[in-house]
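In: 3D, please:
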Amino acid sequence: MGSNRTVGIAMDYSPSSKSALKWTVDNLVDGGDRIILIHVQSGKSDHAQKKLWEETGSPLIPLEEFKEMNLSRQYGLTPDAEVLDVLDTVSRTKGVKVVSKIYWGDPRDKICDAVEDLKVDSLVLGSRGLGVIKRVLLGSVSNYVVTNATCPVTVVKGAVMSKP
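Out: You can find the predicted model right below:
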């Protein structure tokens, strides 16, 4: 894909989304690239920021600001220490710029909206590994996004081991 790419990663801090992040860092991004973590909060959330940014999503949040603890109060989001460590490491060692953006609503729609809004070159997301019955009843975010996103989508299944 070349350098200076923008790679979106759908992040909900589940094991599968952490695997998607690790896979992206190990296999996809390089110096000059940008990672945008895409968070989708429940539409039922009542934070003041939701009322302000519900239609467009939050402003882009740089990694330095994202690491601050007031993020949970401001956006109702608590960053995971393991995720922050991976992001900090890729930022320092590979020179990858890392930002986050928070949306509110249905993850299927909002992830596809983010692809359009942020002009990502590629999107990576984890798969919860639902069985056929649960996938039919609950719907699969990854299936929906693969079908409807306007960029290439990589779905990472299961745990991904880091390179030695």
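In: helices of the protein, residue ranges please.
Out: 15-27, 48-53, 63-66, 70-75, 81-94, 107-118, 132-138, 141-148 (DSSP state H).
In: mean pLDDT and mean neighbour count added to those helices, as JSON lines?
Out: (C-beta placed from N, C-alpha, C; glycine too.) Shown next, in JSON lines, are those (pLDDT from 0 to 100; neighbours: other Cβ atoms under 10 Å):
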{"stretch": "helix 15-27", "mean pLDDT": "94", "mean neighbour count": "20"}
{"stretch": "helix 48-53", "mean pLDDT": "58", "mean neighbour count": "14"}
{"stretch": "helix 63-66", "mean pLDDT": "89", "mean neighbour count": "16"}
{"stretch": "helix 70-75", "mean pLDDT": "71", "mean neighbour count": "14"}
{"stretch": "helix 81-94", "mean pLDDT": "94", "mean neighbour count": "15"}
{"stretch": "helix 107-118", "mean pLDDT": "94", "mean neighbour count": "19"}
{"stretch": "helix 132-138", "mean pLDDT": "45", "mean neighbour count": "10"}
{"stretch": "helix 141-148", "mean pLDDT": "89", "mean neighbour count": "17"}
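In: let me have these in JSON lines, adding distance to Ile38 as columns.
Out: Putting the helices of the chain into JSON lines (distance: least, Cβ to Cβ, whole Å) gives the following:
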{"stretch": "helix 15-27", "distance to Ile38": "10"}
{"stretch": "helix 48-53", "distance to Ile38": "14"}
{"stretch": "helix 63-66", "distance to Ile38": "13"}
{"stretch": "helix 70-75", "distance to Ile38": "13"}
{"stretch": "helix 81-94", "distance to Ile38": "13"}
{"stretch": "helix 107-118", "distance to Ile38": "5"}
{"stretch": "helix 132-138", "distance to Ile38": "20"}
{"stretch": "helix 141-148", "distance to Ile38": "10"}
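In: among those, which is nearest His39?
Out: Ranking those by their distance to His39 (criterion: Cβ to Cβ) puts helix 70-75 first, at 8.0 Å.
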